[in-house]
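>>> predicted model follows, preceded by the sequence.
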Amino acid sequence: MHIVLILLSLLLVCGLALWLLFRFHPAFGPHALGHYHSERFHSPNYRDGQFRNEHPTPQFTGERSSGAAAMWRFLTDRTNQRVPKTPVPIVRTDIRQVVQSYRDSILSADAGPVNDLFIWFGHSSYLFTLGGQTVLVDPVLRMEFPASLMMKPFPGTEYYTPEMMPEIDLLVITHEHWDHLDYATLRDLRGKVKQVVCPLGIADYLRYWGYAPDIITEMDWFDQSPFTNHQSSITNHQSPITCLPTRHFSNRLLGGANRTLWASFLLDCNGKKVYIGGDGGYDDRFRRIHDTYGEIDLAVMENGQYNTNWAYIHMLPEDLEQAMLDLQAKQYITVHHDKFSLAPHAWTEPDSVAQSIAARDRLTLLDRPIGTVIRW
Ligand SMILES: [Zn+2]
Ligand SMILES: [Zn+2]
């Protein structure tokens, strides 16, 4: 009888500790405490207590009636080389030095046209330059508790840290999933970031984590905002940022499903355009984006963590091919792979998928190992 009581008490204490952790650890954000700002509720995309996709989007698309069985198979399946056995090859680049020499080249009077830079840090974290300014997207460069409980980076891919980043003129966050919005990384980048754009609801996290409200612009689909020129000594340009739809969902354990928006973004600097694809399954948006905004110079596409059991929220390989054909961009880079395993495919599969598509359809693919300086 005593043992039963002791076990019950232990269970109660553990349960209470977990509850306190989930409610009050900053990584879970203010929504775990029920703190929401109200702007999002005026969005036409927020209906009946949730943000909605443009098309009906069931999250589970498998044949089984239960998603739990598919999840169990994913967690226990060790047959498919989901994780590399040896360190992933990466290039060790001095990011600050590379960005500084890019800026010096632009300032140099006799320099001709200067190529912009793109550097990938694995999964969906990347930095690029545009019009003399530095843009950082979905940085997940720390693996502290509790994020480390949910995602373990592949060996070798943890090299890049927030301390290695240069000053960031624009930080872009696409949605609240843990592989895109990381508390520890954003905490450590805070002093370097001059401007942030994010979809509706994400500003709650940033303000909660100490970002000044006046540098954050929260956007709904099809909103436009100026990209403030933080390097006025370098360029004088007109740069609209357009927030665009994706087909996805949001949640963060606590705080409710689809209570914050997911998005892609188009940056246009004097006609040079970059598309930040974010996460999302295939639909007709790629064709519409091409028809509305014209030719895109560089499109960053989601490629990885797909499965037929969740075919509408991440693109399967055949969907990626159709999306690239629809978008008709000049150059492509694919991301969402090579760092975390969040789906049952082999970790090398997305790379092969992208190479095959590019060869078959004669597309310009700039995918390179993590840390490579890509000039575009
Ligand atoms: Zn996601
Ligand atoms: Zn993701």
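Cool, got the structure. Ligands and ions are numbered 1, 2, ... in the order given.

>>> what's the spacing between Asp220 and ligand 2?
Per C-beta to the ion, to the nearest Å, Asp220 is found 21 Å from ligand 2. (C-beta placed from N, C-alpha, C; glycine too.)

>>> what's the local residue count around that residue?
19 (other C-beta atoms under 10 Å).

>>> same check on Val114?
The burial count for Val114: 17, using other C-beta under 10 Å.

>>> what sits closest to it if chain neighbours are left out?
Nearest residue to Val114 in three dimensions, chain neighbours excluded: Ser105, at 4.7 Å (C-beta to C-beta, 6 or more residues apart in numbering).

>>> part of a helix, is that neighbour?
Yes - if the criterion is DSSP: H, G, I helix; E, B strand; the rest coil, then Ser105 is within a helix.

>>> and the pLDDT at it?
We have a pLDDT of 92 for Ser105.

>>> that one: how many residues sit nearby?
14.

>>> now swap in Gly371 and tell me
Around Gly371 there are 18 residues (other C-beta under 10 Å).

>>> with Tyr159 instead?
Neighbour number of Tyr159 under other C-beta under 10 Å is 18.

>>> contacts only, for it.
Ile90, Arg92, Ile370, Gly371 (C-beta atoms under 8 Å, 6 or more residues apart in numbering).

>>> what sits against the second one?
Taking C-beta under 8 Å, 6+ apart as the criterion, Arg92 is in contact with Tyr159, Gly371.

>>> farthest pair in the contacts of Tyr159?
Arg92 and Ile370 (9.6 Å; C-beta to C-beta).

>>> mind exporting the C-alpha coordinates of stretch 184-196 to PDB?
Extracted in PDB, the C-alpha atoms of stretch 184-196 (Å, rounded to 0.1, in the frame of the first residue of the first chain):
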ATOM      1  CA  ALA A 184      17.500  29.900 -28.000                       C
ATOM      2  CA  THR A 185      18.700  31.100 -31.500                       C
ATOM      3  CA  LEU A 186      16.500  34.200 -31.500                       C
ATOM      4  CA  ARG A 187      17.500  35.000 -27.900                       C
ATOM      5  CA  ASP A 188      21.100  35.000 -28.900                       C
ATOM      6  CA  LEU A 189      20.600  36.900 -32.200                       C
ATOM      7  CA  ARG A 190      18.500  39.700 -30.600                       C
ATOM      8  CA  GLY A 191      21.200  42.400 -30.600                       C
ATOM      9  CA  LYS A 192      22.000  41.900 -34.200                       C
ATOM     10  CA  VAL A 193      18.600  42.100 -35.800                       C
ATOM     11  CA  LYS A 194      17.400  45.400 -37.200                       C
ATOM     12  CA  GLN A 195      14.000  44.500 -38.700                       C
ATOM     13  CA  VAL A 196      11.700  41.400 -38.600                       C
END
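
>>> the closest residue to Phe340 other than its chain neighbours: how many residues sit nearby?
Leaving aside its chain neighbours, Phe340 sits nearest to Met151 (4.6 Å; criterion: C-beta to C-beta, 6+ apart). Using other C-beta under 10 Å, Met151 has 16 other residues around it.

>>> okay but Met151 is in contact with Met143, surely?
Yes - in this structure, Met151 is within contact of Met143 by C-beta atoms under 8 Å, at 7.4 Å.

>>> quick check, nearest of the contacts of Tyr159 to Pro317?
Once C-beta to C-beta is applied, the member of the contacts of Tyr159 that ends up nearest Pro317 is Ile370, at 21.1 Å.

>>> so what's the residue count around the closest one?
The number of residues near Ile370, taken as other C-beta under 10 Å, comes to 24.

>>> check Asn270 too.
12.

>>> I'd like the distance between it and ligand 1.
Taking C-beta to the ion, one finds Asn270 at 31 Å from ligand 1.

>>> wait, doesn't that residue sit right on Gly131?
Yes - contact status for Asn270 versus Gly131: in contact at 6.5 Å, counting by C-beta under 8 Å.

>>> once you drop chain neighbours, what's closest to the residue of the stretch 201-350 of the chain at minimum distance from ligand 1?
Closest residue of the stretch 201-350 of the chain to ligand 1, C-beta to the ion: Asp279 (3.7 Å). Sequence neighbours aside, His248 is the residue nearest to Asp279 in space, at 4.9 Å (criterion: C-beta to C-beta, 6+ apart).

>>> give me the neighbour count for that neighbour.
So His248, with other C-beta under 10 Å, has 25 neighbours.

>>> now it. Its backbone dihedrals?
phi -150, psi -150 (degrees, to the nearest 10).

>>> so what's it up against?
Taking C-beta under 8 Å, 6+ apart, one finds Asn53, Thr57, His175, Trp262, Gly278, Asp279, Gly280, Gly281, Ile313 in contact with His248.

>>> what's the local residue count around the last one?
Translated: Ile313. Ile313, neighbours per other C-beta under 10 Å, totals 22.

>>> pretty sure it contacts Gly278?
No - Ile313 lies out of contact with Gly278 (C-beta under 8 Å); the separation is 11.5 Å.
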